[in-house]
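Asker: Predicted model and sequence follow; I will ask about them next.
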Amino acid sequence: MALSHKLAGSYRHFNVAIYATVYDVQQMADLDWLKASFGAITRHLYVDKLYLETHRDTIVADEETIAQARKFFEAQGVCTSGGITLTVNERNRFQTYCYTNPAHRQKVKEVVEYTARLFDELILDDFFFTNCKCTSCIEAKGDRSWTEFRLALMAEAAQNLVVGPARAVNPQIKTVIKYPNWYVHFQGLGLNLETEPPIFDGLYTGTETRDPVHGNQHLQQYHGYSIFRYLENIKPGGNDGGWVDTFGARYLDRYAEQLWLTLFAKAPEVTLFHFGQLERPIELSHRAAWQGNGTSGGGTGFDFDAMLASAGKGADPRDNATWPPGTTMALAAGYAFDQVDPVLAQLGQPVGVKSYRPYHATGEDHLHSYLGMLGIPIDLVPEFPAEARTILLTESAKFDAGIVDKIKGQLMDGKSVVVTSGLFKALQDKGMRDIVELTVTDHKAGVQDFLIGWFQVYHAESPVLVPHIDYLTNDSWEEISGLTRTTGHPLLHSASYADGVLYVLTVPDNFDDLYKLPVEVLARIRSALMGDLCVQVDGPAQVALFVYDNDTFVVESFLPETTQVRIVVKDSTTAPCDVLSGELLSGEQILDWRGQSTGKSSFEAAINPHAFRVFRLK
Ligand SMILES: [Zn+2]
C-alpha cells in the first residue's frame, strides 16, 4: 500500500490539501526537488489540492515559480489555490501588518491583487488580525477598547483591502478566511466572527490543538472537534475544512487525533500544514509510552509499529536506524487517514448539547472544551438556541444583555437550562435571583467526597476547589454535594421555575479539576445535560463522545490506559454494534428502585489508550 504512489485516487469521504508556505514555494523553483518531495509525500498520502502561498513575512513568491509549480501539480490532477499570510515577521511574536499605516495597507492590497490575478481561490492563513499598538493605532483607537477598535478596523480591512480588491481583479474569485484555533480571544485582535464570515465566500477552521499540557495555549483535545462545529454553525455550509499542522504533537497519537477529530466534526477537507513539514522525519520519541498497552482488540488507536510495518519490512520500532527512507510525517498522516476513512461513511450529522456563545464573548474561557472532555457533546452556536429542550450556558453568555429573559422564556416553556456557577455569579445581581434566590459566594471549599442522594458518597483521588453556593432550604435542591467533614457545598443544584428546571453547575477554580470528579458524579452531571441525546457514555473524564443524527456515535479515549465505559442507551430495544468489528454488544435493562424498567439499557465496553470506537445502534 504505502510503496505505491497515491496520486491517482483520493479518500472516499474527504479531500486532502497541503499548504505550501512562501518558503516552500520558493524551493519549488527547483523542479527536481519538487518532483522528489511531492513524490515522497504521495507515497503515503492522497492529495487533492495544493495551497501555494504568495506572501508571508513581506516575502512575495515570484510569478514564474508559482506558474511552474501550478503546472506541475495540475498535470498530476492536483488543483491549486492561492494562500496569503499577512505577517510582517512571524518570528517576532507574530508581528502583523498595521492597518492604520497607509504603506502597510497598500502592501496588503497589492499582495491580494497579485494573488487574485493568479488564482480563482485565495485563503488567508491565521494572521488576518492585528496586534499593532503603534502611536498611529493608539491615536486611531481613541476612547474605544482595543477590542472595539480592532473589530471595526479589521472588518473594514476585510472589505476594502481583501475581498473588494480581489473581486475587482478577478470577479470569479472565491475568498476564504482561515481562522486560528483561539476563537475565545479573537475579538481582542480584530478577528471578527460576526461581520467577516458574511464578507468572505468561505471560512476554514484551525483544528490544530497540539499538546494540551506543554505549550501556552493548553487547548484540550476536544477543542479540535468543537471549534469546527462552532464555525460551521456560524456559516452553515461555508466551513470548507479543518487545518492541522505538525507542531506540538509530541507523540504521533496526538497528530493522528487532530486529524480524526477534524473528520469526526465532518470537515469536507483537511489541510496539512505545511509542505516542508510533511517530509520531517518521524523520531523515536514520537512513539508514546502507551503504545502496545491496549488490552482490548489490539493496540492503541494509532498503532505506531503497524504504521512502520506499512512503510517497509524489517523496521524495528525501537531502532530508527532500521527505519526505511520516507518514515516521515506524511506517512503518519496517510496512516491516520487510512484508519478513519472507512468509518466516516457511517456517521450522520453531528448533534450535541446546545450551548450559546454570543459573538465576541469571554468568560470561563475554554470551559466548553473541558466539558467536551467529560463526554458531553457540545454544539456551540452563535445565536440563542430557543428551540433546544436543554441549553448549557457558561459565563460567556453574560455578553447577551437579554440573557436572563431568554433563560426565563425557556423555563416557562418547560425546558431545562444548565448555567455554570460563573454565569450565575455574573448575573446574580442582574435578574437571576428572580428565578432562584441563590448566591455564588467568594468562599471556597476543597472537596474530595461527593454525595448523591441520601447515602451514596463517592471519593475523588485529590481535592477539588469549588466556590461555595448559598441557597434557601427547600426552595432549591442539591443534586450533587461536595462534602467537607460536617458541611456541604452544591456541585450540581436544581431549582424549578414554572414547568422548567434551572440547574447550576459549580465549576472548580481550576477547570482541569473537573477531570478528577468520580465516574458516578460525572454520570449525574451528564444526565442533567444529555437528556435529548440517544446515548450517554459513563466513564472517567478524558473520554469524549461524538453523537450523530443517525443513531451512530464515536467514543474516543485520550487516556493512556485501556478504559472501561458504560454505554447507556435510551431506547432499550436497541444495542450498540461496533461498526469496524461487527460486534453487537450485549447488555442489560436498567431498572428503577422499584425494579421497573426505565426503558434504558446499559452496555460495557473497553476503549484502548488514545483510541476510538464507532458504534451504531441496532
Ligand atoms: Zn499600528
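Answerer: Received, thanks.
Asker: can we go C-alpha only for contacts and neighbour counts from here?
Answerer: Fine.
Asker: who in this structure is up against the ion?
Answerer: Proximity of the chain to the ion (CA under 5 Å from the ion) is limited to residues 98, 132, 134, 137.
Asker: what helix or strand does the spatially closest residue to residue 28 that is not a sequence neighbour sit in?
Answerer: Using CA to CA, 6 or more residues apart in numbering and skipping the chain neighbours, the partner closest in space to residue 28 is residue 34 (5.3 Å). If you go by DSSP states H and E, residue 34 is part of helix 31-41.
Asker: Now that helix: average pLDDT?
Answerer: Mean pLDDT, computed over helix 31-41, is 97.
Asker: How many neighbouring residues does the residue of the stretch 251-400 of the chain found nearest the ion have?
Answerer: Of all residues in the stretch 251-400 of the chain, the one sitting closest to the ion is residue 360 (21.7 Å; CA to the ion). When neighbours are counted by other CA atoms under 10 Å, residue 360 registers 22.
Asker: List the buried residues in stretch 131-146.
Answerer: Within stretch 131-146, the residues that count as buried by 16 or more other CA atoms under 10 Å are 131, 132, 137, 141, 146.
Asker: and if you look at stretch 581-595?
Answerer: 585, 587, 589, 590.
Asker: So which of the residues you listed are in strands?
Answerer: Of the buried residues of stretch 581-595, the ones assigned to strands by DSSP state E are 587, 589, 590.
Asker: Tell me the one of those residues nearest residue 471?
Answerer: residue 590 (33.2 Å; CA to CA).
Asker: State the distance from that closest one to residue 35.
Answerer: 61 Å (CA to CA, to the nearest Å).
Asker: what about the residue nearest the centre of the chain, which SS state?
Answerer: With distances taken as CA atoms, centre = their mean, residue 224 lies nearest the centre of the chain, 2.2 Å away. What DSSP: H, G, I helix; E, B strand; the rest coil gives for residue 224 is helix.
Asker: In space, what's closest to it - neighbours in sequence excluded?
Answerer: Nearest to residue 224 is residue 207, by CA to CA, 6+ apart, at 4.4 Å.
Asker: Would you mind measuring from the one you found to the ion?
Answerer: 29 Å (CA to the ion, to the nearest Å).
Asker: try residue 25
Answerer: Taking CA to the ion as the measure, residue 25 falls 29 Å from the ion.
Asker: Now for the buried residues of stretch 131-146: which two are most distant?
Answerer: For those, and using CA to CA, no pair is farther apart than 131 and 141, which are 12.7 Å apart.
Asker: Pull the number of nearby residues for residue 32.
Answerer: 10.
Asker: brain fart, residue 502
Answerer: Neighbours of residue 502 (other CA under 10 Å): 24.
Asker: and it, that one's in a strand?
Answerer: Yes - according to three-state DSSP, residue 502 belongs to a strand.
Asker: Just list whatever residues bridge to it.
Answerer: Beta-bridge partners of residue 502, counted by DSSP bridges, are residue 417, residue 495.
Asker: wait, what's in contact with it?
Answerer: For residue 502, the contact set (CA atoms under 8 Å, 6 or more residues apart in numbering) comprises 411, 416, 417, 418, 419, 494, 495, 496.
Asker: From start to finish, how long is stretch 131-140 in a straight line?
Answerer: First residue to last in stretch 131-140 (CA to CA) measures 14 Å.
Asker: of the contacts of residue 502, closest to the ion?
Answerer: For the contacts of residue 502, with the ion as the reference and CA to the ion as the criterion, the closest is residue 419, at 39.7 Å.
Asker: what about stretch 153-167, average pLDDT?
Answerer: pLDDT averaged over stretch 153-167 gives 98.
Asker: Which parts of the stretch 401-550 of the chain are helices?
Answerer: 403-412, 421-427, 519-529 (DSSP state H, counting those that start in this stretch).
Asker: do the stretch 151-300 of the chain as well
Answerer: In the stretch 151-300 of the chain, the segments counted as helices under DSSP H, counting those that start in this stretch are 164-169, 196-199, 223-234, 252-264.
Asker: Off-centre distance for the last one?
Answerer: A distance of 10 Å separates the centroid of the chain from that of helix 252-264, by CA atoms, centre = their mean, to the nearest Å.
Asker: Surely residue 304 touches residue 291?
Answerer: Yes - between residue 304 and residue 291 there is a contact under CA atoms under 8 Å: 7.0 Å.
Asker: Tell me which of the helices of the stretch 401-550 of the chain sits most buried.
Answerer: Highest mean neighbour count of these: helix 421-427, a mean of 22 (counted as mean count of other CA atoms under 10 Å).
Asker: Just the CA trace of it, in PDB.
Answerer: The C-alpha trace of helix 421-427 is given here as PDB (Å, rounded to 0.1, in the frame of the first residue of the first chain):
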ATOM      1  CA  SER A 421     -21.600  29.000  38.700                       C
ATOM      2  CA  GLY A 422     -19.600  31.600  36.800                       C
ATOM      3  CA  LEU A 423     -22.600  32.700  34.800                       C
ATOM      4  CA  PHE A 424     -24.900  32.700  37.800                       C
ATOM      5  CA  LYS A 425     -22.400  34.800  39.700                       C
ATOM      6  CA  ALA A 426     -22.100  37.300  36.900                       C
ATOM      7  CA  LEU A 427     -25.900  37.600  36.700                       C
END
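Asker: thought residue 332 was touching residue 254?
Answerer: No - using CA under 8 Å, residue 332 makes no contact with residue 254, being 10.8 Å away.
Asker: contacting residues for residue 267?
Answerer: When contacts are counted by CA under 8 Å, 6+ apart, residue 267 is found next to 14, 228, 239, 240, 241, 242.
Asker: Swap in 6 Å and give it another go.
Answerer: 241, 242 (CA atoms under 6 Å, 6 or more residues apart in numbering).
Asker: Equivalent analysis for the one 3 residues further on, please.
Answerer: Residues in contact with residue 270 (CA under 6 Å, 6+ apart) are 16, 241, 242, 243.
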